[in-house]
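>>> sequence first, predicted coordinates after that:
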There are 2 protein chains.
Amino acid sequence: MGSLHAEDLDTISVCPQNPLDPEEFRRQGHMIIDFLADYYRDVEKYPVRSQVEPGYLKKLLPESAPNNPEPIETILRDVESVIVPGITHWQSPNYYAYFPSSGSVAGFMGEMLSTGFNVVGFNWMSSPAATELESVVMDWLGKMLRLPKPFLFSGNGGGVLQGTTCEAILCTLTAARDKMLNKMGRDAIGKLVVYGSDQTHCALQKAGQIAGINPKNFRPVFTTKENAFGLTAAALKTAIEADVTAGLIPLFICATVGTTSSTAVDPIGPICEVAKEYDMWVHVDAAYAGSACICPEFRHFIDGVEDADSFSLNAHKWFFTTLDCCCLWVKDPSALVKALSTNPEYLKNKATESKQVVDYKDWQIALSRRFRSMKLWMVLRSYGVANLRNFLRSHVKMAKQFEGLLGGDSRFEIVVPRTFAMVCFRLLPKAVAGVANGGTAAGELERVNELNRKFLESMNAEGKVYMTHAVVGGVYMVRFAVGATLTEERHVSFAWNVVQEHAERILGEF
Amino acid sequence: MGSLHAEDLDTISVCPQNPLDPEEFRRQGHMIIDFLADYYRDVEKYPVRSQVEPGYLKKLLPESAPNNPEPIETILRDVESVIVPGITHWQSPNYYAYFPSSGSVAGFMGEMLSTGFNVVGFNWMSSPAATELESVVMDWLGKMLRLPKPFLFSGNGGGVLQGTTCEAILCTLTAARDKMLNKMGRDAIGKLVVYGSDQTHCALQKAGQIAGINPKNFRPVFTTKENAFGLTAAALKTAIEADVTAGLIPLFICATVGTTSSTAVDPIGPICEVAKEYDMWVHVDAAYAGSACICPEFRHFIDGVEDADSFSLNAHKWFFTTLDCCCLWVKDPSALVKALSTNPEYLKNKATESKQVVDYKDWQIALSRRFRSMKLWMVLRSYGVANLRNFLRSHVKMAKQFEGLLGGDSRFEIVVPRTFAMVCFRLLPKAVAGVANGGTAAGELERVNELNRKFLESMNAEGKVYMTHAVVGGVYMVRFAVGATLTEERHVSFAWNVVQEHAERILGEF
């Protein structure tokens, strides 16, 4: 440990090389590009799901940071030998787990430029291009989705890039909450109720927790297989009426287009109609499936959005824009601004005072913000609308292909109909098919669930493919989500072989 | 617009080139690296603060996204011609505004690897290395700061990387709030009070707003020049006692080490002592100055942290780790987890159930999270502790150099003593020096403030340097924050020449 005192500052010599030396940047940058290009070329050689045990890394790394510099060559060797084995390869073409995290060349290049400029675009003034490009591309993407004009800047609404849907929901919920409390008085906070379905992403529950909504007033409305696990307007209305009768205040409903468990779609139009009666805020969470809605044949899934208050999708999920990039549009930006703005002296500037500019700091949780629009802009320009539609369609086509293969094999059941690029299926032994389907014997259902747990774990432990699970209506099922950018038809055929092989073995042991 | 229907999927041919084609990645990657290396080499040629007018970009870009792909060469030309003019060059060596956003080669390379792997590390299972590396480097950095053991994983506390301090404060405030409401009942939410000083960053006020704290119960305690705009324990205690008398419940105090306006330091020890009496949560926001505390000679500024509950600093500010990277340590991770966890079926896994692992999704607002530890790890290893200390010291030394130059020129006043690498000064015409100093004539003070407004705008409009302002105790002052990575002593000399030149002109017009 040094013992230098402030007075010794005069004896400090400037370090030998500036940490942002352009030529060192060039040298290392080319090295990392080659490292990553090789990684993408060879990614299939790794087990998709990491095979390490908890605590593996601590054993491989020193207890403390080094006192002296280490060369990039040494660090990269460690990336290869200690980090890569601990990574689950979301970019692998054999990755079908959760939802995709679809990287692309354009998304990566945009992130590099954003990181390279490293501007902090909290308000217009701090880097005008960061704000203005965001407004422009959010209108571009809004038009591609045929969002109604009131969601676009050109229609007095507007879009903003958040990190994730969790943030988007928290911001809109906070806006809705304050709008309501301004009417009802602050003391009403304990009476506010937030609605979703029992399929809604946990982001809603968490946003409610953070925003100070009483956890008892988080209302996940029951869905059923009959309605393909979509929220019905009738069930919502029943839940709301019960709350109103109990003296509570309906505040916010989150409708989902493409739920996490099964890509179910809540009917936006009918939900908005119910919400309207109670002056509730409607947010549409299209985190996963929103991207597909740039294709005319999928657009109908967001019909009714004209009556919603806000709409979001994750471009980092299925729109080739590396993590993180959640696109949020609102009809009434002033509701966000009222709830989220602060106006400290040290950020005051003429542009803000002119009211001619957007200051995105007031549309989000954080003050600081990265130049995320750069990557979305590059994705839109590098691929163009026509290709983007076709990329998404190719994923849907591959999912359909996989669904067809399952459908032709009586050992499998498609648990819910495929809507986008995810197939939900399970192994269903003939002996119990009738019983499990009818759901009359809980014990049998649990046996089949356990069989499928083993089936999935067997595949994932082998590491040739990676899928994850969900449970809907008590049924444990395997989710096969196509969307990793490198996935091609041959990978789906390969996955089908893996599925058959493990099915055979597991059924043999049943 | 296409009119393709879902049934036509079979006719879709796969797109000509995969959007993550490794060789295309390599080709474009090398191009962008050279683009950015040249940018750093030439960044001094641009005006530091962007000179564009509101709305400039909309006029230069098309109304809609292109239908067909555009080559990277075209896009990069547009980056150069339409984006760069709209950027304020935070990486310029002549940038002294706000606080630095200190990029570095290692920080950039870490961000590239993180973006390249593009894993979504919400829980351990989803990419073990992302979680484990974060825990390791947070212990490393904690040790460098000599944080007491209860903040480290090795002492049953732990660290987590958030995007920004705003998020760090919101998470800890939510944890504190729920802990208190579990004791007092949910209805007490309207009585909870959040404290800071009138110098505390606006992040606290915003976090309070989002967490459902009544805005009337946000208590910015008055500071004075006599205490160098630090929060005194006595003033805090007075404020708390008034609230308790009024039936309110003191909840949370945010102490700052290095305020935004003037890098003031709130005395952590005495503040913790007061907080203890009322069972309040103490968060230490060392967003800017925390980095310097890795140097033994600055460590005393966080003395007393052993009695705080949480501590955060922004590595993206003054620690060479590109935006965004806020380091948060807490003594009681379970308080965060209780407030922020959700446990949906689709994320259940054996590792979580074993309780052997950290699932960082429960330590933050969002579910999804980037692999941020990669860049912090690369910064720590590429430079080493000794060099990192010296880099920070070289910035402090340059600020001291600038302070010395100002001190030798009677036209300037150092408004508050320099503590770290920021100098707060103003032009002070001889004729009004006495009056303005004494603060007896408000009109005179306002005249001097106006003079300094003009002085600052004159420099920034010219674009050779960029500084911003703050107001403390009614005094408008210019903030000169050294910390842009490329800044060297010659740039500070250059800035001094610019300052003198504009001072002369503005005083001549006074």
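Okay, I see it. Numbers count the residues shown, from 1 in each chain, chains lettered A, B, ... in the order given.

>>> check contacts around the residue of the stretch 201-350 of chain A found nearest chain B.
Closest to chain B within the stretch 201-350 of chain A is residue A:212: 2.2 Å, counting by CB to the nearest CB. Just so you know, the C-beta spots here come from the backbone N, C-alpha and C atoms, and that holds for glycine as well. Applying CB atoms under 8 Å, 6 or more residues apart in numbering or on different chains to residue A:212 gives the contacts A:177, A:189, B:177, B:189, B:211-213.

>>> and those, which two are furthest apart?
Farthest pair in the contacts of residue A:212 (CB to CB) is A:177 and B:177. Separation: 14.8 Å.

>>> average pLDDT across stretch A:403-415?
For stretch A:403-415, the mean per-residue pLDDT is 97.

>>> how about it: buried residues?
A:403, A:405-406, A:411-413, A:415 (16 or more other CB atoms under 10 Å in any protein chain shown).

>>> from these, which land in strands?
Judged by DSSP state E, the subset of the buried residues of stretch A:403-415 located in strands is A:412-413, A:415.

>>> let me have these in a markdown table, adding distance to chain B as columns.
What follows is these, written out as a markdown table (distance: CB to the nearest CB, whole Å):
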| residue | distance to chain B |
| --- | --- |
| A:412 | 20 |
| A:413 | 19 |
| A:415 | 14 |
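
>>> so how many other residues sit close to the nearest residue to residue A:176 once chain neighbours are set aside?
Spatial nearest neighbour of residue A:176, chain neighbours left out: residue A:281 (3.5 Å); criterion: CB to CB, 6 or more residues apart in numbering or on different chains. Neighbours of residue A:281 under the rule other CB atoms under 10 Å in any protein chain shown: 24.

>>> same question for residue A:442.
For residue A:442, using other CB under 10 Å, the count is 9.

>>> cool, residue A:393 as well?
For residue A:393, the count of nearby residues is 25 (other CB under 10 Å).

>>> briefly note if the helix or strand encompassing it comes near chain B.
Using DSSP states H and E, residue A:393 sits in helix A:373-407. Yes. Contact of helix A:373-407 with chain B (CB under 8 Å from any CB of the partner chain) involves A:374, A:378, A:380-387, A:389-391, A:393-394, A:396-397, A:400.

>>> and if you look at stretch A:317-336?
Yes. Interface with chain B: stretch A:317-336 contributes A:320, A:322-324 (CB under 8 Å from any CB).

>>> for stretch A:214-225, same thing?
Yes. Applying CB under 8 Å from any CB, one finds that stretch A:214-225 is in contact with chain B at A:214, A:216.

>>> returning to what we had before: show me the residues of stretch A:317-336 next to chain B that map onto helices.
Among these, no member falls in helices (DSSP state H).

>>> if you rank these by neighbours, which is first?
Counting neighbours by other CB under 10 Å, residue A:320 leads these with 32 neighbours.

>>> dihedrals phi and psi, it?
Per-residue torsions, residue A:320: phi 70, psi 20 (degrees, to the nearest 10).

>>> quick one on the thing from earlier: leaving out the residues flanking it, which one is nearest to the residue of the stretch 201-350 of chain A closest to chain B?
Using CB to CB, 6+ apart, the nearest residue to residue A:212 is residue B:212, at 2.2 Å.

>>> from residue B:170, how far off is the one you found?
Residue B:212 sits 11 Å away from residue B:170, taking CB to CB, to the nearest Å as the criterion.

>>> also residue A:409?
From residue A:409 to residue B:170 the distance is 50 Å (CB to CB).

>>> try residue A:487
37 Å.

>>> just checking, the residue nearest to residue A:176 touches residue A:251?
Yes. Counting by CB atoms under 8 Å, residue A:281 does reach residue A:251; the two are 6.8 Å apart.

>>> one step back: which two among the buried residues of stretch A:403-415 are spaced furthest apart?
Greatest spacing in those, by CB to CB: A:405 and A:415 (15.6 Å).

>>> hang on, the earlier thing: give me the common contacts of residue A:281 and residue A:251.
By CB under 8 Å, 6+ apart, residue A:281 and residue A:251 have these common neighbours: A:173, A:176.

>>> spell out which parts of the stretch 351-500 of chain A neighbour chain B.
Residues of the stretch 351-500 of chain A found near chain B (CB under 8 Å from any CB) are A:351, A:354, A:356-357, A:365-368, A:370, A:374, A:378, A:380-387, A:389-391, A:393-394, A:396-397, A:400, A:468-471, A:479, A:485-486, A:488-489.

>>> ok, now the stretch 201-350 of chain A?
Counting by CB under 8 Å from any CB, the positions of the stretch 201-350 of chain A adjacent to chain B are A:201-203, A:205-206, A:209-214, A:216, A:260-261, A:295-298, A:314, A:316, A:320, A:322-324, A:339-340, A:342-347.

>>> count of neighbours near the residue lying closest to residue A:304 once chain neighbours are set aside?
Distance criterion CB to CB, 6+ apart; nearest residue to residue A:304, sequence neighbours excluded, is residue A:269 at 2.9 Å. When counting by other CB under 10 Å, one arrives at 15 neighbours for residue A:269.

>>> sec struct for residue A:269, please.
What DSSP: H, G, I helix; E, B strand; the rest coil gives for residue A:269 is helix.

>>> quick check, pLDDT for it.
For residue A:269, the pLDDT comes out at 98.

>>> ditto for residue A:443
pLDDT recorded at residue A:443 is 87.

>>> who touches the helix or strand hosting it?
Taking DSSP H and E as the definition, one finds residue A:443 inside helix A:442-462. Residues from elsewhere that reach helix A:442-462, judged by CB under 8 Å, 6+ apart: A:47-49, A:51, A:426-429, A:432, A:435-436, A:439, A:465-469, A:471, A:474-478, A:498-499, A:502-503, A:505-507, A:509-510.

>>> so how do I select the buried members of the residues you listed in ChimeraX?
Selecting only the buried entries of those in ChimeraX, with 16+ other CB under 10 Å as the criterion:
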select /A:47,48,49,51,426,427,428,429,432,436,465,466,467,468,469,471,475,476,477,478,498,499,502,503,506
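
>>> in strands, which of the contacts of helix A:442-462 appear?
The strands, defined by DSSP E, take in A:426-427, A:468-469, A:471, A:475-478 from the contacts of helix A:442-462.

>>> how about the residues you listed in TSV, adding pLDDT?
Below are those laid out as TSV (pLDDT from 0 to 100):
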residue	pLDDT
A:426	98
A:427	97
A:468	98
A:469	97
A:471	97
A:475	96
A:476	97
A:477	98
A:478	98
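
>>> and the helices in the stretch 251-400 of chain A?
Secondary structure of the stretch 251-400 of chain A (DSSP state H, counting those that start in this stretch): helices at A:268-277, A:315-318, A:333-340, A:350-354, A:373-407.

>>> closest to residue A:105 out of these?
Shortest distance between residue A:105 and those, using CB to CB, is found for helix A:373-407: 7.2 Å.

>>> please name every helix or strand in contact with the closest one.
Under the contact definition 3 or more CB pairs under 8 Å, 6 or more residues apart in numbering or on different chains; DSSP states H and E, helix A:373-407 sits against helix A:105-117, helix A:128-144, helix A:315-318, strand A:412-416, strand A:422-427, helix A:489-509, helix B:72-78.

>>> list the buried ones in that helix?
Buried, per 16+ other CB under 10 Å, within helix A:373-407: A:373-385, A:387-403, A:405-406.

>>> what angle separates that helix from helix B:105-117?
30 degrees (axes from the mean of the first three to the mean of the last three CA atoms, to 10 degrees).
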